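1. how does the following fold in three dimensions:
(2 chains)
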Protein chains: 2
Amino acid sequence: MNLSGVKALTFDVFGTVVDWRGSIIADATAFGESKGVSVDWERFVDAWKTCYRPGMHRVNTGEVPWSTVYAIYRTKLEELLVEFGIADLTEAEKHHFNRAWERLDPWPDSVPALTRLKRKFILSTLSNGDFACLVNMAKHAGLPWDCIIVAENARRYKPDPSVYRLAIQLLGCRPEEVMMVAAHNYDLAHAASHGMRTAFLPRPTEYGARQTTDLRAEGDWDVIVDNLEELAQALGT
Amino acid sequence: MNLSGVKALTFDVFGTVVDWRGSIIADATAFGESKGVSVDWERFVDAWKTCYRPGMHRVNTGEVPWSTVYAIYRTKLEELLVEFGIADLTEAEKHHFNRAWERLDPWPDSVPALTRLKRKFILSTLSNGDFACLVNMAKHAGLPWDCIIVAENARRYKPDPSVYRLAIQLLGCRPEEVMMVAAHNYDLAHAASHGMRTAFLPRPTEYGARQTTDLRAEGDWDVIVDNLEELAQALGT
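-> Prediction:
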């Protein structure tokens, strides 16, 4: 595959660029200690995450109107606080807790690799996270995006076709000039179906030590590497 | 006015941050010299710009479907090439010429001031320019935006209310947490009508030496300064 025509890279972010699970467990653990609350935070965060895909699916099918990811997580948070016996949080505390999804730390290779790639390519997010979440996360984690494009711009979530098509259109590119970078095979399969180039890297501990999915490339992606530094190398930066 | 609650600054770009007229005249002059074409490029560029507001107005009234600014300029460019007797340009040359709108240089104070402001605030565009144009311009001019928000995201042009409202919503802010920065009084009047904070600075040569409009603040804007460095100072950065 000749990749010399690639002008822009669009990145999945949660899992691919940042370690959401490790970051939120650490954030929640610190919160719990400050409140004197003892909870199995790994179990809490894994339970919290379960609302994500069904919540987005209900938007994409039209079962519910557009809803931000923050709203989806907030609804689930209220349930979990009851279930785990965490009572008496103020509205400000719950808001702050829910905003853990923007206080995420990058994997060690992410910032150095993005900095290299930015010299040659337009770097955009193409995430299901809310626009404000991605902007605030970039400030927190020092992610040097050229622009933020998210599902919210299309008011549908990946893998709805409108999300990929809108990104290509906003970037003013032909599909083959845009490369989707992700640690999730499903995302690349959909990107490829719209004519985009694809790059896979595994994040084998995104879901913790017992992760069983996306441990390796499951498609004939244009680039398959072990991390983002290797992607920067493979793309000549 | 207490401005301590401001979290994000949204910038008009053409005229406010970059010198579009001077840049395009220089770009076109260099092109003319390379082609051995002698044209009054100031007159050419001023004539080119006349299509901008009517083209956007036709979109906002629904007279025509959504059209990018590049498409608006490209249609006018074809007319002007005939009118000014510039014949025989290839499609690639016309495409490149039309893309002058992304090869724009910042005013001298813009990059230093944005760099200072970025430490404390989220910096976004809020421009009528196309998304891709703003992304490519930022690469060309070194403008350190945190995110790109443009009229294209709302598929209506400023001053349509949907553009300001969408920006506030995407940034996850209340209106009073967002400050519109512009060298154009009309833009600030509309921003203020949606509850945004406002900052004015004049760009007295945006339209050339004989400019008669927007030479001074015409409203009770929250901040009135002479340039962006003064804005950085006024906002404590």
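
2. and A:Ala191, what is it in contact with?
-> For A:Ala191, the set of contacting residues under the criterion of C-beta atoms under 8 Å, 6 or more residues apart in numbering or on different chains consists of A:10, A:164, A:180, A:182, A:198. Heads up, the C-betas are built off the backbone N, CA and C, glycines and all.

3. ugh, wrong one, I meant A:Pro65
-> When contacts are counted by C-beta under 8 Å, 6+ apart, A:Pro65 touches A:Val59.

4. what's the answer for the one 10 residues further on, then?
-> A:Thr75 makes contact with A:51, A:55 under the criterion C-beta under 8 Å, 6+ apart.

5. surely A:Trp48 and A:Glu78 touch.
-> No: taking C-beta atoms under 8 Å as the contact criterion, A:Trp48 and A:Glu78 are not neighbours in contact, 11.1 Å apart.

6. give me the more crowded residue out of these two.
-> Just comparing A:Trp48 and A:Glu78: by other C-beta atoms under 10 Å in any protein chain shown the higher neighbour count belongs to A:Trp48, 22 against 13.

7. and that one, which of the three is it?
-> helix (DSSP: H, G, I helix; E, B strand; the rest coil).

8. from the contacts of A:Ala191, which land in strands?
-> Secondary structure assignment by DSSP state E places A:10, A:180, A:182, A:198 of the contacts of A:Ala191 in strands.

9. what is the nearest of the residues you listed to chain B?
-> For the ones in strands among the contacts of A:Ala191, the minimum distance to chain B (C-beta to the nearest C-beta) is 12.0 Å, reached by A:Thr10.

10. which residues touch the nearest residue to that closest one once chain neighbours are set aside?
-> With C-beta to C-beta, 6 or more residues apart in numbering or on different chains as the criterion, A:Thr10 has its nearest non-adjacent residue at 3.7 Å, and that residue is A:Leu126. Contact criterion C-beta under 8 Å, 6+ apart gives A:10-12, A:149-150, A:158, A:163-164, A:167, A:180 as the residues in contact with A:Leu126.

11. any chance of these in TSV, with distance to A:Ser34, neighbour count and pLDDT too?
-> Conversion of these to TSV gives the following (distance: C-beta to C-beta, whole Å; neighbours: other C-beta atoms under 10 Å in any protein chain shown; pLDDT from 0 to 100):
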residue	distance to A:Ser34	neighbour count	pLDDT
A:Thr10	37	27	98
A:Phe11	33	25	98
A:Asp12	32	22	98
A:Ile149	36	28	98
A:Val150	31	27	98
A:Lys158	35	25	98
A:Val163	38	25	98
A:Tyr164	41	25	98
A:Ala167	39	29	98
A:Met180	39	28	98
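
12. and which of the residues you listed is nearest to A:Ala141?
-> Of all those, A:Ala141 sits closest to A:Phe11, with 12.6 Å by C-beta to C-beta.

13. the closest one contacts A:Leu123, doesn't it?
-> Yes: shown here, A:Phe11 and A:Leu123 form a contact pair, counting by C-beta under 8 Å, at 7.0 Å.

14. what sits against A:His190?
-> A:158-159, A:161, A:164.

15. widest-spaced pair of these?
-> Taking C-beta to C-beta as the measure, the contacts of A:His190 reach their widest spread between A:Lys158 and A:Pro161, a distance of 9.5 Å.

16. so what are the domain limits for chain A?
-> Following automatic domain parsing, chain A resolves into domains at A:8-19+A:104-234, A:20-102.

17. off-centre distance for the first one?
-> This points to domain A:8-19+A:104-234. 8 Å (C-alpha atoms, centre = their mean, to the nearest Å).

18. please apply the same query to stretch A:32-49.
-> 21 Å.

19. before we move on, what about stretch A:48-58?
-> The chain centroid and the centroid of stretch A:48-58 are separated by 14 Å under C-alpha atoms, centre = their mean.

20. check which residues of that stretch are buried.
-> Of all the residues in stretch A:48-58, those buried under the rule 16 or more other C-beta atoms under 10 Å in any protein chain shown are A:48-49, A:51-52, A:55-56.

21. residue ranges of the strands in chain A, please?
-> Using DSSP E, the strands of chain A run over residues A:8-11, A:122-127, A:147-150, A:178-182, A:197-200, A:223-224.

22. dump those into JSON lines; add distance to A:Pro108 as well.
-> Conversion of the strands of chain A to JSON lines gives the following (distance: least, C-beta to C-beta, whole Å):
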{"stretch": "strand A:8-11", "distance to A:Pro108": "16"}
{"stretch": "strand A:122-127", "distance to A:Pro108": "18"}
{"stretch": "strand A:147-150", "distance to A:Pro108": "23"}
{"stretch": "strand A:178-182", "distance to A:Pro108": "17"}
{"stretch": "strand A:197-200", "distance to A:Pro108": "18"}
{"stretch": "strand A:223-224", "distance to A:Pro108": "20"}
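
23. ok so, going back, burial-wise, tell me which of the domains of chain A comes out on top.
-> When neighbours are counted by mean count of other C-beta atoms under 10 Å in any protein chain shown, the highest per-stretch mean among the domains of chain A falls to domain A:8-19+A:104-234, a mean of 20.

24. confidence score at the closest residue to A:Ser38 other than its chain neighbours?
-> Of all residues not flanking A:Ser38 in the chain, A:Gly32 sits nearest, at 6.8 Å (C-beta to C-beta, 6+ apart). Predicted confidence (pLDDT) for A:Gly32: 93.

25. ok, A:Ala138 next?
-> In this prediction, A:Ala138 carries a pLDDT score of 98.

26. low pLDDT regions in chain A?
-> When residues are selected by pLDDT under 70, those of chain A lie in A:1.

27. quick check: residues of it near chain B?
-> Applying C-beta under 8 Å from any C-beta of the partner chain, one finds that chain A approaches chain B through A:70, A:122, A:124, A:130-136, A:138-139, A:145-148, A:152-153, A:170-173.

28. same thing but at 7 Å, please
-> Taking C-beta under 7 Å from any C-beta of the partner chain, the part of chain A that reaches chain B is made up of A:122, A:130-132, A:135, A:138-139, A:146-148, A:152-153, A:170-172.

29. most widely separated two among those residues?
-> Maximum pairwise distance among the residues of chain A next to chain B (C-beta to C-beta): 25.9 Å, between A:Lys139 and A:Gly172.
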